[in-house]
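>>> following is a predicted model, sequence given first.
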Amino acid sequence: MKQALVLTILFAAILPVVPGLANAGSIGLSLGLEEENGQAANGKIYFGAYALNITQFQQDARKKVSIVHWFQRWGDQNNSFDVAMMNQVRNHGSIPLLSWEPWKGLSYGVTQPMYSLQNIIDGQFDAYITKFAKAAKAWKHPFFLRFAHEMNGDWYPWSEVANGNSRGQYVEAWRHVHDIFAEVGAFNVTWVWCPGRVMGRGISLDDLQEMYPGDGYVDWVGMDGYNAGNDRLGWQTFSEVFTALYNKILSITSQPIMIAETSCGEYGGGRKSYWITDALSVQLPVYFTGVKALVWFNADNDKTAPWEIESSPSAQKAFATAVQSSYFSSNNYGSLSQSPIPSPGILDEIGPLSQSLQAVNPRVVSEGSFCAPVPLGGGTKLPVSPCGAPGAGEPLHQ
């Protein structure tokens with residue numbers, strides 16, 4: 001039985017920050033999602049999207065998403081925990097992924113002293129964080145929380161090389177926020193630490209480990225990267241975009257990896273379709289085996305490149321064809337109860353025993369002795385693959 005639900009929520013969505021990016025304002029995210037009952041087999045990785053219209057994206061991809069992604073700024077007027085949004089995503093059978101950003105937005109610039117890391121550490125936002133954490137706990141269900149992403153770049157106020165911040169403060173601020181959630185018992189939160197591909201803008205890969213809060217504070221590791229594929233930024237394959245960052249993450253932790261933002265621009269002659277096919281059908285299942293979630297960025301209003309899968313018929317066809325594979329999980333997670341959220345294939349292995357164990361220890365999936373032998377992440381280091389469209393050049397900063 002399916003019951004149609006329509007909800008339009010107005011919120012401030014923050015797009016990938018690139019040089020010359022126009023101010024990102026409030027954007028209406030339209031969720032025309034349906035309630036889903038029943039359970040299907042899980043794929044190997046979660047398949048999700050950030051899209052201004054998730055319903056249209058699913059129609060064009062010919063597959064429903066297992067993750068719905070959106071952004072929320074601390075400085076927005078409506079900055080509380082959004083129960084209605086969470087419920088609609090879960091009722092659709094998808095997992096919420098919230099990017100939670102401590103700033104007022106791009107139009108205020110990168111220097112926003114109010115949102116310095118030191119102010120977070122000193123407790124100036126504790127009342128807000130505590131209220132948010134208690135509401136998250138009251139909701140009870142598992143969701144991904146991506147806090148202060150792309151911290152290794154220089155384009156957000158939580159960067160250690162911007163806004164008067166200093167080295168070491170990011171980890172301290174992360175742990176402070178995490179500890180508040182732990183203190184109120186919000187163990188249904190799965191914490192996603194997510195660096196980006198910075199291309200010399202910010203913290204080098206050699207120093208990335210210094211910004212990692214530790215496995216006791218991080219459940220998943222994300223990574224963001226784009227191929228703009230235009231004359232100004234050049235063309236790079238999926239492997240060229242992600243290999244260096246992926247290998248660095250593998251050297252830091254064995255937590256499962258999520259590609260939280262990615263997309264490809266158009267560069268004449270259908271090259272985007274080749275990039276998509278190579279990324280989804282070759283690179284991820286063969287070379288990037290530590291990646292357990294793929295979240296596509298399907299909006300073009302930053303004007304850097306046409307990121308949507310609908311940017312050309314060939315791109316849309318390539319994407320829809322690739323994600324039909326059973327490798328990509330659909331919206332089978334309306335009854336998900338495990339926290340932290342495990343990789344899709346592991347859900348079938350955990351079985352009902354984990355649910356009884358969680359009654360004693362809510363964190364059993366990643367920290368309890370029952371699941372300790374189960375590899376939640378991992379993978380092998382890989383060389384740059386020759387697969388994908390030809391060409392090289394200066395890529396998008398991510």
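Perfect, I can see it now.

>>> part of a strand, is Ser337?
No - read with DSSP: H, G, I helix; E, B strand; the rest coil, Ser337 is coil and lies in no strand.

>>> what are the phi and psi values at it?
Torsion angles at Ser337 (phi, psi; degrees, to the nearest 10) stand at phi -130, psi -10.

>>> what about it, distance to Gln209?
Separation of Ser337 from Gln209 (CB to CB, to the nearest Å): 33 Å. Backbone N, C-alpha and C define where each C-beta goes, glycine included.

>>> one more: Glu266?
36 Å.

>>> what about these two, which has more around it?
Glu266 (20 against 12; other CB atoms under 10 Å).

>>> give me the below-cutoff pLDDT ranges for this structure.
The chain contains residues with pLDDT under 70 at 1-42, 231-233, 268-269, 301-303, 347-398.

>>> and the helices in it, which stretches?
54-61, 83-91, 117-121, 126-139, 169-184, 238-252, 271-278, 313-323, 344-358, 364-367 (DSSP state H).

>>> out of those, deepest packed?
Most buried of the helices of the chain, by mean neighbour count (mean count of other CB atoms under 10 Å): helix 271-278, with a mean of 24.

>>> distance from the chain centre to that helix, please.
21 Å (CA atoms, centre = their mean, to the nearest Å).

>>> packing partners for that helix?
strand 257-264, helix 313-323 (3 or more CB pairs under 8 Å, 6 or more residues apart in numbering; DSSP states H and E).

>>> any chance of CSV for the ones you listed, columns distance to Val65?
Converted to CSV, the helices and strands packed on helix 271-278 look like this (distance: least, CB to CB, whole Å):
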stretch, distance to Val65
strand 257-264, 14
helix 313-323, 9
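
>>> what's the closest of those to Leu106?
strand 257-264 (15.6 Å; CB to CB).

>>> report how many residues lie close to Lys140.
For Lys140, using other CB under 10 Å, the count is 11.

>>> so who does it touch?
Residues near Lys140 by CB atoms under 8 Å, 6 or more residues apart in numbering: Asn188.

>>> what about it, distance to Gly185?
11 Å.

>>> and the helices of the chain as JSON lines, adding distance to Glu160?
Formatted as JSON lines, those follow (distance: least, CB to CB, whole Å):
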{"stretch": "helix 54-61", "distance to Glu160": "34"}
{"stretch": "helix 83-91", "distance to Glu160": "31"}
{"stretch": "helix 117-121", "distance to Glu160": "7"}
{"stretch": "helix 126-139", "distance to Glu160": "20"}
{"stretch": "helix 169-184", "distance to Glu160": "5"}
{"stretch": "helix 238-252", "distance to Glu160": "17"}
{"stretch": "helix 271-278", "distance to Glu160": "32"}
{"stretch": "helix 313-323", "distance to Glu160": "36"}
{"stretch": "helix 344-358", "distance to Glu160": "34"}
{"stretch": "helix 364-367", "distance to Glu160": "27"}
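
>>> between those helices, which gets nearest to Pro285?
Closest among the helices of the chain, using CB to CB: helix 313-323, at 10.2 Å.

>>> which strands and helices lie in contact with that closest one?
Against helix 313-323 (3+ CB pairs under 8 Å, 6+ apart) you get helix 54-61, helix 271-278.

>>> these into a markdown table, with extra columns for distance to Tyr46?
Shown next, in a markdown table, are the helices and strands packed on helix 313-323 (distance: least, CB to CB, whole Å):
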| stretch | distance to Tyr46 |
| --- | --- |
| helix 54-61 | 14 |
| helix 271-278 | 18 |
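
>>> tell me which of these lies nearest to Gly290.
Taking those one by one with CB to CB, helix 271-278 is closest: 18.0 Å.

>>> which other residues reach the closest one?
Contacts for helix 271-278 (CB under 8 Å, 6+ apart): 227, 229, 235, 237-238, 264-266, 309, 311-312, 314-315, 317-319, 321-322, 387-389, 391.

>>> okay, the angle between it and helix 238-252?
On the basis of axes from the mean of the first three to the mean of the last three CA atoms, to 10 degrees, helix 271-278 is oriented at 40 degrees to helix 238-252.
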